[in-house]
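[1] Just the structure for this:
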Amino acid sequence: MSWLRWFRRPGPVAPVVETTSGLDVRGDREFSRGQQAKRRAWRELLESTGEAENLRRLANIHRGRRAFFIGNGPSLRSQDLRLLAGEVTFATNWFVNHEHYDAIQPQYYCISSHEVFGGWGAETPALNSDLRGAIAGRQWRSHHFFPLWARDAVLGDDLFSRDRTNFLIFEKPKAEISKRGTLTWDVLSNLDDGYTGIVTFCLPLAYHMGIREVYLLGCDCDYQIKSAQDPKAYFYDFKKHTTSTSKFETLDRIWGPDGEIFKVYGIVRREAEARGMTIKNATHGGLLEIFERASYEELVSK
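    Below is the predicted model:
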């Protein structure tokens, strides 16, 4: 029986004891005892598989460097991302669809979406064939980060080299940042749902790597959806988005006017500033006004 199947089985509730070598697990207290046991088991799995040690090796490797987080918003069509060559860059989910993907060669590629592996309910996670095919079409590889839940599927695929592939705990039971009012910065702990890979994966990873200066690109916070029939707005044709998408009601709650995503970014700004991290928004347009705006062209011309 695989470890993934074990996580789906009901069983006795373990005592609630925080035994994660100093990890910040304060958020576990809002979960039931059974849920706490599952969250603790994910942390133990991260340690026992060696994935925690692999993440520790990345600590402070970019101390003193700045980084660009690249979303998937339609604003990317108006920015020449080829100018990012040589920068520390974090791309997310379907960024492989970008026409200058090869020219940019993002250093880090964060795929936090479980839909990419068939969704939360998938009994056997499998990487979306279109996404895999696009990645396989290159002779170079980004350094990839995936949910620990999909570890067997990823490591069973020779497309991803062991030394350039890491895993983070983003699994159920999970917490939502907008409801918790805070977020987990420790990449060795259970990461919280920020509704976007930019917050859920990129942010704690960059902090762990010693980065304290961050610029956002393609973070439009505007899917341009007015009804259930409207397709999401990305920099690429929505037809290329061959994984499932959330229901309109969920999208509207999170990404609509005064949606939960803006609350999340407010929490991010407050906590980043408290940790000495500066985040500025270099996106062309969009609805995200929580962070100070920065000129992308001026940044990359320096």
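[2] And the strands in this structure, which stretches?
    66-70, 88-92, 108-110, 143-147, 165-168, 213-217, 278-281 (DSSP state E).
[3] okay, the ones you listed in CSV with mean neighbour count and mean pLDDT next?
    The C-beta positions use only the backbone N, C-alpha and C, and glycine is treated the same way. Listed next are these as CSV, based on neighbours: other C-beta atoms under 10 Å; pLDDT from 0 to 100:
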stretch, mean neighbour count, mean pLDDT
strand 66-70, 24, 98
strand 88-92, 25, 97
strand 108-110, 26, 97
strand 143-147, 22, 97
strand 165-168, 22, 98
strand 213-217, 23, 98
strand 278-281, 18, 98
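[4] who's in contact with residue 172?
    38, 120 (C-beta atoms under 8 Å, 6 or more residues apart in numbering).
[5] how far is stretch 248-259 from where the chain is centred?
    19 Å (C-alpha atoms, centre = their mean, to the nearest Å).
[6] Residue 107 is in contact with residue 85, isn't it?
    No. Assessed by C-beta atoms under 8 Å, residue 107 is found out of contact with residue 85, at 10.4 Å.
[7] Show me which of these two is the more surrounded one.
    Neighbours per residue, other C-beta atoms under 10 Å: of residue 107 and residue 85, the larger number sits with residue 107, 17 against 12.
[8] Please name the nearest non-neighbouring residue to the more buried one.
    residue 89 (5.3 Å; C-beta to C-beta, 6 or more residues apart in numbering).
[9] and that neighbour, what does it touch?
    67-68, 70, 104, 106-108.
[10] gap between it and residue 202?
    10 Å (C-beta to C-beta, to the nearest Å).
[11] Mutual contacts of those two, please.
    By C-beta under 8 Å, 6+ apart, the residues touching both residue 89 and residue 202 are residue 108.
[12] so what's the closest residue to residue 256 other than its chain neighbours up against?
    Closest residue to residue 256 apart from its sequence neighbours, by C-beta to C-beta, 6+ apart: residue 225 at 7.9 Å. Taking C-beta under 8 Å, 6+ apart, we find residue 225 in contact with 231-233, 248, 251-252, 255-256.
[13] Give me the neighbour count for residue 136.
    So residue 136, with other C-beta under 10 Å, has 11 neighbours.
[14] and if you look at residue 33?
    Residue 33, neighbours per other C-beta under 10 Å, totals 11.
[15] which stretches of the stretch 101-250 of the chain form helices?
    Using DSSP state H, counting those that start in this stretch, the helices of the stretch 101-250 of the chain run over 101-104, 129-136, 151-155, 177-180, 197, 203-208, 248-255.
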